[in-house]
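K.L.:
Any chance you can model this:
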Amino acid sequence: MTAVNDLVPGAKDFRMQVIHKAKDEADWPFMAESGVLACAKVLNKPAVYFVPEQKPEATRAFALDTDLLGMSLVNLGMTNVLKPYGSLDALLKRITPFVTMGRQLCAQPPGTSLSGSEL
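P.N.:
Below is the predicted model of the structure:
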């Protein structure tokens, strides 16, 4: 049986990890130098988000997915989160490692908060 929190998550159902751009990381996809990668199950599937560390604070999380059409619809109106990219292939190459890491994060118990590169 599917738990209610695997359909519509609450705040305690998220797993989070602080991430930072490495010194010479060329493919870092985000405008912010650091932020939080978060994952929760939505409709029983892992949903990955990035919350940039910025001033003023972000008003909502940016959804990350390898389904670029779905990602663009969910994030409609959100700008200045991703660095400019030359093509959709380039964008996919940049975000896929973070989507993968976020999905691995979803395998952790709800409420997990990692401060480094534990995954």
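K.L.:
If the spatially most central residue of the chain is in a bridge, with which residues?
P.N.:
Closest to where the C-alpha atoms of the chain average out (CA atoms, centre = their mean) is Tyr49, at 2.7 Å. Taking DSSP bridges as the rule, Tyr49 bridges to Ala38, Ala63.
K.L.:
OK, contacts around it?
P.N.:
Leu37, Ala38, Cys39, Ala61, Phe62, Ala63, Leu64, Gly102 (CB atoms under 8 Å, 6 or more residues apart in numbering). In short, each C-beta sits where N, CA and C put it, glycine included.
K.L.:
switch the cut-off to 7 Å
P.N.:
Ala38, Ala61, Phe62, Ala63, Leu64 (CB atoms under 7 Å, 6 or more residues apart in numbering).
K.L.:
before we move on, what about Leu37?
P.N.:
Gln17, Ile19, Val48, Phe50, Phe98, Met101, Gly102, Leu105.
K.L.:
let's see it at 10 Å
P.N.:
By CB atoms under 10 Å, 6 or more residues apart in numbering, the contact set of Leu37 is 15-19, 48-51, 61, 64, 98-99, 101-102, 104-105, 114, 119.
K.L.:
Type out the PyMOL command that picks the buried ones from those.
P.N.:
Buried members of the contacts of Leu37, defined by 16 or more other CB atoms under 10 Å, are picked up in PyMOL with:
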select buried, resi 15+16+17+19+48+49+50+51+61+64+98+99+101+102+104+105+114+119
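K.L.:
Just the contacts of Leu37: which are in strands?
P.N.:
Those of these mapping onto strands are Arg15, Met16, Gln17, Val18, Ile19, Val48, Tyr49, Phe50, Val51, Leu64, Leu114, per DSSP state E.
K.L.:
Give the pairing partners of the helix or strand of the chain with the lowest mean pLDDT; include direction for each.
P.N.:
Every helix and strand of the chain was ranked by mean pLDDT, DSSP states H and E. The lowest is strand 113-114, at a mean of 86. With DSSP bridges as the test, strand 113-114 is paired with strand 15-20 (parallel).
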